[in-house]
Every structure is written in C-alpha cells, then in structure tokens.
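In: Sequence below, structure please.
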Amino acid sequence: MKKIYLLVVVLCTASLLNAQVTLTGIVKDSIGNSLEMANVVAVNKATKKMASFGFTDQQGRYKLELSKNTVYSLKVSFVGMKPKSLSVTTKESDFSQDITLQNDNTLDEVTIVSKMPVTVKGDTIIYNADSFKNGSERKLEDVLKKLPGVEVTEDGEIEIDGKKVEKVMVEGKDFFDGDSKIATKNIPSNAVDKIQVLRNYNDVGQLSGVTNNQDRIAINIKLKEGKKNFWFGDIRFGGGNSSVGDARYILQPKLFYYNPKYSINFIGDLNNLGESAFTRRDFNNFTGVGRPPINNSGTEINIGTNLNGFLNVNRNNSTEFISKFGAANFSYSPSKKLDLSGFVLFSNNIVSTRNNNSIEYISDDTDTPLDEFTESKARQNSNLGAAKFSVAYRPNTNNQLDYDLVAKLSDEVQNQSLNSSVIGQIEQEEGATPYSINQSMNYYYTLNDTNIFAVSAESLFQNEDPFYNAFIEDNDTYASTGAALGLNPEQLGYTISQNKKVRTNQFDGKIDYWNILNEKSNINFTFGSILSNQNFDSDIFQILDNGDRFAPTPNINDGIATNDTEYNFTDFYLGAHYQLKSGLFTFTPGFTVHAYKAKNTQQGVTYTDKFNRFQPDFRMRIQLKQSENITLQYNMLTQFTDVNQLARGLVLNNYNSIFAGNQELESAVINRIRLSYFNFNMFNYTNIFANITYSNVVDRIRNRIFFEPGNVVGVRNPFNSNFADETVSGFFNISKTIRKLRFSLRSFLNYSKYNQFLRNESVVNKVFTQSYTPGINSNFRKAPNFSVKYGYSINTSNLGDTANKTYTNAPTVDFDAYIWEKLTFKTDYSYTFITNGSETLNEFDLWNASFLYRNKDDSKFEYEVKITNILDAKSRNQVSNSEVAFTLNQTFIQPRFVSFRVVYNL
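Out: Next comes the predicted model:
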C-alpha cells in the first residue's frame with residue numbers, strides 16, 4: 001500500500017515538472033520606476049481559465065509558470081495605473097516579457113482584488129476561493145488546505161503563522177465564536193467566494209493603529225452573490241454497518257441564510273459512525289467573552305478545572321462514539337448602528353474507551369514504586385450546553401459599546417473499570433454538573449484625532465461540583481495507602497468517595513487612555529484591577545459494607561482530610577506604553593506597576609502575601625517589506641495559582657494520586673523573550689514563518705512526590721521551587737510553490753529543564769522534543785491531487801537518573817480525483833512506526849476512502865459511499881512522560897465502518 005501511494009506521487013511530480021516553462025519580466029511605470037506588488041495574471045485563451053498568477057517584488061520582477069506551446073492573455077494591473085493586456089505564446093523554453101504601465105487614477109482597486117487568486121493588503125491576505133478549487137471540495141476545510149500559508153489540523157482547527165485562528169466570521173458576522181472547527185467542518189465550499197485572513201486583528205477600528213494585536217488572527221468568509229438572500233446548505237442522511245456487524249446511522253442537516261440585515265445558521269448531527277461533531281475539547285475551546293486587551297495586564301491567575309478525570313476523545317482514540325449535536329447561530333442588525341448576535345448549542349456524546357498502559361517509574365531504589373501495567377475500559381455520557389448573546393452599538397465613528405454574555409453548563413458521568421498489575425481490580429465513577437456565566441462590557445470613545453479612551457470590564461462566575469468514587473477490590477494491595485488515609489480495613493474492599501465543590505467569582509476591569517502625539521508616536525496609560533474570590537470545600541469518606549458512611553482521620557498530612565478554604569486575590573495596576581515609528585522600526589517600550597494581595601483562610605489559619613512589583617515589557621517590529629517583518633518581544637509576568645493548589649486537606653485525584661495543597665504558596669515570576677520572522681512572498685511563491693521563545697520561571701510551583709515503598713500510589717504536595725525552570729522552543733514553517741506543487745517543511749523544537757522533589761531529593765528533569773514534517777501537495781485543475789507528508793519526531797527525556805528516547809515515523813498520504821466532472825474519489829492513508837532505537841514499540845496504519853457521485857455541479861442530490869478504517873486496525877500507540885514516569889499507551893480504536901449516504905443540496 002505504501003509503495004503504491006509513493007509511486008503515484010513520483011509519477012505525477014515528474015510529469016508536471018517536465019511540462020512547463022517559466023515567463024519572467026519587469027513591470028515599470030512610464031518613467032521607468034519599478035512597481036512592487038503589481039498583479040500579473042495569465043489566462044489560457046483556449047480554456048478562458050486562469051493558468052498562473054503572481055506579484056512583482058521590490059525590483060518589479062515577476063515570474064509565472066506556464067504550459068508549453070500555449071497562447072495566453074497576460075494581464076497586468078497596479079493601483080493608480082491603467083491595466084494592460086497582451087498576448088504571449090509559449091514555446092519549448094523559458095522566455096521574458098517586460099511591461100510598462102501608464103498612470104490612471106480612476107482604476108478601482110476592488111476590480112483588481114476580485115480577479116486575483118491572492119491579494120496582500122497590509123496585514124490582510126485575500127484568497128479568491130475559486131482559484132484553488134478543482135471540484136472535489138465539499139466543505140470549507142477542503143479549500144483552506146489548498147491555500148498557501150494556511151494549515152488545518154486533524155481536529156479541524158485553522159492555524160496561520162503557527163497560531164490558531166481566534167475567530168471565524170461570515171460576511172463580517174461572528175460564526176459560532178470560539179472554535180474554528182465548526183466553520184471548517186460545516187460551511188459548504190461552493191458558497192465561498194473569498195477568504196480574508198486578518199492578521200493583527202482588532203475588533204475595534206479606533207484602536208487598530210495604537211494596540212498590539214500580533215497574536216490575533218481572524219478569518220472572514222465572503223459568500224458568493226447567489227448565496228445571499230437565499231437558504232443554502234445541505235442535508236446528509238444514511239446508514240451502514242461495522243466490521244463487528246452492528247447497524248449504523250447518520251443524519252446531518254446544515255442550513256445557512258445570510259442577508260445584509262440578519263443571518264441564521266443551524267447545524268445538526270445524529271450519528272453512531274464515530275464522527276465527532278462536537279467533543280469536550282471543542283466545548284472547552286469556547287473560552288467565553290474575554291476580548292483583548294483586557295487579559296494583557298502582566299498578571300496570570302490560573303483558574304483551574306476540577307474535571308480532569310473526564311475524557312477528551314474523538315473517533316481516533318475511542319472504541320465507540322455516539323453523537324447528538326444541535327446548534328443555532330444568529331445575527332441581526334436592526335440599524336446600521338446596532339448589531340445583535342449569538343448562538344445556542346447542545347451536545348450529547350456517549351463515548352467508550354479501552355486503554356492499556358505500560359508505566360515505568362523514574363528511579364530504582366528501595367522506595368521506588370513497582371513498574372505497572374494497567375488495562376482499563378471506560379464509558380462516559382456527556383451533556384454539554386452553551387449559549388452566547390452579544391450586542392455591538394456604534395452610534396457614530398467616535399463611540400462603540402460591546403456587551404457579551406456566555407453561559408456554559410454540563411452534566412457528565414463516567415464509569416471506568418481498571419485492572420492494575422500492582423493493586424488489582426478497581427472500579428471508578430465520576431460525575432459533575434458544573435456551570436459558568438461570563439460577561440464582558442467594552443466601551444471605546446474617540447474624543448478627537450489625538451485622544452482615545454477605552455473602558456473594559458469582565459466578570460466570571462463558575463461553579464464546579466465533581467464527585468469521585470473508587471472501589472478497590474483487594475484490601476491487601478491497597479493496605480499501606482488505606483492506613484495512610486485512615487480507612488477501615490475490616491471490609492470486603494475499600495470504597496472511597498469524595499465530594500468537592502469549588503466556586504469562583506472574578507472581576508477584571510481597566511481604563512485605557514491613548515494620546516496620539518504625532519503620525520509616528522503615541523502614548524498609552526492604563527489603570528486596572530483584578531479581583532478574585534474562590535471557595536473550596538471537599539471531604540473524603542468511606543462507604544462501609546453495611547452502607548454506613550465513615551469519615552477517616554488520615555495518618556498523613558497532619559490528619560487533615562477535609563477542606564473549607566476561602567481565597568481572595570486582588571491586583572491593582574498602573575501601566576504606561578510609548579509607541580514610536582521610525583523608518584522600518586516600530587518601538588513599544590512600557591511597564592506596569594502592580595500592588596498584589598493574596599489571602600487564604602483555612603483550618604482557622606489565615607495566610608497573606610502582599611507585595612508590589614514593577615514589570616517592564618518591550619516590543620520592536622521591523623517592517624522589511626509590505627509582507628515581511630521581524631518582531632522582538634519581551635514580557636515579565638507574575639503568575640498566581642488558584643485555590644486548588646492552596647487547600648491543605650487531602651484530595652483524591654485518582655485511585656493512585658493523592659494531593660494535599662500548600663497554604664503558603666507564593667507567586668512565580670516569568671521572563672519571556674520571543675523573536676519571530678514572517679515573509680509572505682508572492683514573487684517566488686515562498687512563505688516563511690519562524691519564531692524562537694525563551695522563558696525563565698522563578699519560584700514556579702512544583703510538587704514534592706512521596707510513594708509508599710513498593711507502591712504506585714503517590715502523594716503530591718506543591719511548593720515554590722528555589723530553582724529556575726527554563727524552556728526554549730522554536731517553530732519553523734516554510735512552503736514554496738513550484739508550478740502546481742507546494743513543498744513545505746514544518747518543524748517544532750522544545751527543550752525544557754525543570755526541578756522537582758521526589759522523596760525530599762531534588763531531581764533535575766530535562767525533556768527535548770523535536771518534530772520535522774516535510775510535505776508536498778498538488779493543486780491541479782483536472783488531474784488528481786495528492787498530499788504527502790512525513791512526520792518524524794524524537795522525544796528525549798531525562799527524568800532524574802532515568803533516560804528514555806523514542807523515535808516516531810509517521811508518513812501520511814491524501815489523494816483525491818475529480819473524474820468525468822461527476823465522480824469524486826478521496827482516500828487517505830497513514831502509517832506510524834514507534835521505536836526506542838533498539839526495538840519496535842508499536843506500528844499501525846489507518847486507511848479511509850470515500851466515493852461521491854453527483855450528475856452536475858448544481859445537482860440537488862449527491863450520493864456517497866464512505867469506508868473508515870479499511871484495514872480494520874485495532875489500536876494505536878503513543879509514548880508520553882510525566883513528572884515521575886514514562887508511559888507507553890495502547891489505545892483501542894473504532895472498527896471498520898461502511899456507510900452509504902445521500903446528500904440533498906439546497
């Protein structure tokens with residue numbers, strides 16, 4: 001199978017490289033000046049279709065790849081110049097053609113943009129979707145994967161410049177704000193006209209020139225004219241069976257309506273074919289209403305989650321995934337001044353998993369726990385709901401008011417049966433019904449050309465109530481832990497339960513003032529505060545054989561088994577930043593001054609940490625060209641924990657993980673410096689993005705870990721480490737298009753050095769992760785298209801005296817063909833091979849395919865046969881490491897599914 005795929009790729013590549021010639025030249029104005037970023041398009045005169053396109057560089061040079069012995073219409077345009085069209089005929093060899101344009105101030109730039117496959121306008125890149133389609137696309141993600149500089153992850157999230165896209169809009173209206181996956185998996189490709197990539201995105205036009213939005217990227221989808229004022233979308237339904245013989249079904253309505261005044265979208269999903277329309281990971285990505293810059297204060301307070309035991313899975317790491325999902329999104333503009341929008345969604349997922357874990361602990365002295373092998377099966381039922389309502393009021397260009405309300409709630413239950421080679425059989429149950437309400441208000445006022453004001457406020461109320469229960473069948477294997485916890489050993493087994501409740505109230509607010517000193521400089525003053533209150537209650541109890549509830553008194557942790565903790569945190573800060581533009585450079589030095597106070601009360605004792613801190617920051621941007629820049633950024637941050645780490649009473653995180661907090665934990669200081677480079681070059685069709693980040697953390701919270709001799713149950717206690725933790729990470733992505741082929745190399749490196757204490761001894765851990773992914777993909781109009789990637793990663797871990805090194809090879813091939821303009825064939829194959837250098841740890845391969853038939857492009861009905869996991873692979877493996885152990889995980893996956901589907905297109 002692997003050899004067949006590679007042979008097809010080689011033959012396609014070789015035939016393409018021998019079938020084209022290169023046209024080069026220089027574009028100038030009437031007095032001989034070179035024109036940078038002029039648009040050059042070649043249209044095949046016979047087919048009337050665009051064959052190639054490009055932009056001129058700083059010297060006015062352009063380069064096009066064209067077919068041999070063909071007649072083209074060469075069209076050249078530049079803003080402020082009369083467009084020029086001339087006929088060129090290619091021969092058997094490369095040739096050149098210089099072009100001179102004449103002045104014409106009446107040229108409409110919009111006309112140029114509508115014709116070009118790619119247009120760069122400052123921080124905005126506009127892709128003409130039709131220029132990248134060949135007919136095999138069905139959803140937005142199929143188009144995005146063909147765009148230079150754009151990546152779509154396995155989970156459906158969009159990445160640009162190595163950063164996740166924060167927001168997807170359609171016609172300027174938010175589309176399920178919070179997760180790009182819903183857009184990529186559902187918006188039909190035939191409705192997409194243009195894709196606008198908005199780098200350095202800002203929600204507020206008044207602040208676009210005075211704030212730093214380098215890490216913010218949004219995408220706006222422009223619809224085709226025929227899709228406005230009409231319902232569009234599709235309804236997919238069908239059924240099938242699996243390799244184990246059971247029946248399967250699918251129903252997926254996806255309906256959209258847009259006009260200038262309002263929009264309505266509905267997405268539904270009902271299937272047991274393992275297609276995860278909306279997972280817990282997606283739910284957690286709906287982060288709420290935080291609008292930068294309210295979170296850029298220089299303070300990090302980590303509001304943790306108490307739902308870590310629940311599974312974040314999809315079809316590739318579960319044995320069964322039953323999905324029920326419904327979501328509606330709307331926007332309404334009763335006037336040009338007022339916009340209303342929001343969404344509501346509900347998801348029910350029933351998930352089954354099966355895992356085997358081989359665990360190797362990091363030392364070999366007498367106190368070291370035994371190495372452990374576990375087998376587990378789990379079933380989880382998750383009901384997830386979220387709703388958002390937003391108001392944007394802009395009475396004039398000088399005033400803007402935004403309000404957002406997000407509510408999230410869930411009801412989840414998980415049952416797990418686990419067998420440990422050390423402890424024996426363990427039955428675990430977890431449940432939770434958490435909810436949160438998040439609100440924000442932002443007001444922006446422009447007094448005049450030189451004075452801008454902004455007021456931002458955000459509040460969070462969060463309630464979590466996780467319940468945990470474990471039944472350990474063998475008292476003897478858990479005896480030492482039971483004695484430490486103070487459990488009653490005179491029972492048939494240990495039944496341990498825990499109730500926990502965490503309530504969080506947090507308010508963030510700030511006032512900003514910008515003074516525009518001149519065209520090249522401005523100064524910003526900020527006053528803000530963060531106020532947080534948390535309450536943490538928990539208790540551990542044992543259910544006896546007669547049903548009675550027994551409250552144990554532990555023989556560790558000073559006998560404290562319960563928590564009743566209140567934690568209050570305040571931060572009042574004042575900041576100043578100055579921005580100066582000088583030639584290619586933009587400098588933004590600044591600082592914030594903080595007055596911190598953290599106080600927690602528990603067990604009748606109050607601990608207060610109160611101090612002031614000066615935190616500098618600096619940013620420099622070098623704009624080498626319109627689409628090439630270098631950025632250097634330094635930040636100093638103060639990081640605070642939340643109440644979960646402070647509560648002194650014992651907490652059961654799992655049957656083998658017991659935690660006791662530290663009331664006297666203090667803040668950590670993070671110094672972070674980042675250098676990044678960006679180049680989007682449409683002259684030589686090369687895109688480069690790279691960054692390197694160094695961070696140094698002082699007083700980071702780490703855990704002391706104690707194991708009972710010969711046992712695998714660890715007791716963790718946090719503390720502020722006196723040793724500095726260091727991390728260096730780098731990301732590099734380069735892609736180059738040669739004719740119809742795009743070559744790419746994507747690499748990620750991460751080295752971290754940190755300290756922890758194991759049995760009161762300092763242990764230095766070093767982890768170095770490397771990943772390299774070269775790839776090649778095609779974008780033919782008629783010929784079949786392919787994408788080949790080879791993922792190679794090295795994971796080197798030195799945890800104390802124990803070293804571990806693994807190598808992962810993971811080639812993947814995607815192939816699609818649009819045949820007779822009726823039949824679309826798609827297939828993808830991946831092979832993963834994991835070794836430690838001397839022996840194979842695991843290898844597995846996955847193969848999927850689909851056949852889609854429609855009579856014409858505008859046919860109402862389409863028919864699909866889809867096969868997943870054709871080879872009926874049973875499991876997949878991965879290697880990971882924690883602070884105390886290396887783990888080889890075997891995850892069982894879903895069987896082969898064969899289904900037939902009918903698609904009705906509106």
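In: Hmm, residue 860 is touching residue 905, no?
Out: Yes - between residue 860 and residue 905 there is a contact at 5.6 Å, judged by CB atoms under 8 Å. Quick note: C-beta positions are derived from backbone N, CA and C, even for glycine.
In: Same drill for these two, tell me which one is more crowded.
Out: The neighbour count for residue 860 versus residue 905, taken as other CB atoms under 10 Å, is higher for residue 905 (16 against 12).
In: separation between that one and residue 300?
Out: Distance of residue 905 to residue 300, computed by CB to CB, to the nearest Å: 48 Å.
In: Which parts of this structure are helices?
Out: Under the criterion DSSP state H, helices of the chain are mapped to 2-17, 109-115, 140-144, 181-186, 280-285, 479-485, 643-646.
In: tell me the average confidence for the fourth one?
Out: Per-residue pLDDT values over helix 181-186 give a mean of 85.
In: For residue 427, which residues are in contact?
Out: By CB atoms under 8 Å, 6 or more residues apart in numbering, residue 427 lies in contact with 415, 416, 417, 418, 470, 471, 473.
In: what's near enough to touch the closest residue to residue 754 other than its chain neighbours?
Out: Spatial nearest neighbour of residue 754, excluding adjacent residues (CB to CB, 6 or more residues apart in numbering): residue 725 at 4.1 Å. Residue 725 sits next to 696, 697, 700, 752, 753, 754, 755 when contact means CB under 8 Å, 6+ apart.
In: Would you mind confirming that the first one makes contact with residue 637?
Out: No - in this structure, residue 696 sits apart from residue 637 without contact. The criterion is CB under 8 Å, and the distance is 11.1 Å.
In: Of those two, which one has the most company?
Out: Higher neighbour count among residue 696 and residue 637: residue 637, with 19 against 15, using other CB under 10 Å.
In: so what's residue 834 bridging to?
Out: Counting by DSSP bridges, residue 834 is bridged to residue 808, residue 842.
In: per-residue confidence at it?
Out: Residue 834 is given a pLDDT of 88.
In: just residue 823 next, same as before
Out: Note for residue 823: predicted pLDDT of 90.
In: Look up the residues forming beta bridges with it.
Out: Beta-bridge partners, per DSSP bridges, of residue 823: residue 819, residue 853.
In: got it, and residue 616?
Out: Here residue 616, judged by DSSP bridges, has bridge partners residue 591.
In: my guess is it contacts residue 636, does it?
Out: Yes - with contact defined as CB under 8 Å, residue 616 reaches residue 636; the gap is 5.9 Å.
In: Among the two, which residue is more densely surrounded?
Out: Using other CB under 10 Å as the criterion, residue 616 and residue 636 rank with residue 636 on top: 18 against 13.
In: any idea how far residue 433 is from residue 604?
Out: Using CB to CB, residue 433 is found at 31 Å from residue 604.
In: ok, now residue 305?
Out: Per CB to CB, residue 305 is found 28 Å from residue 604.
In: Now do the strands in the stretch 651-800 of the chain.
Out: 657-660, 668-681, 686-698, 701-707, 714-720, 725-738, 741-758, 761-778, 785-799 (DSSP state E, counting those that start in this stretch).
In: This completes my enquiry, with thanks.
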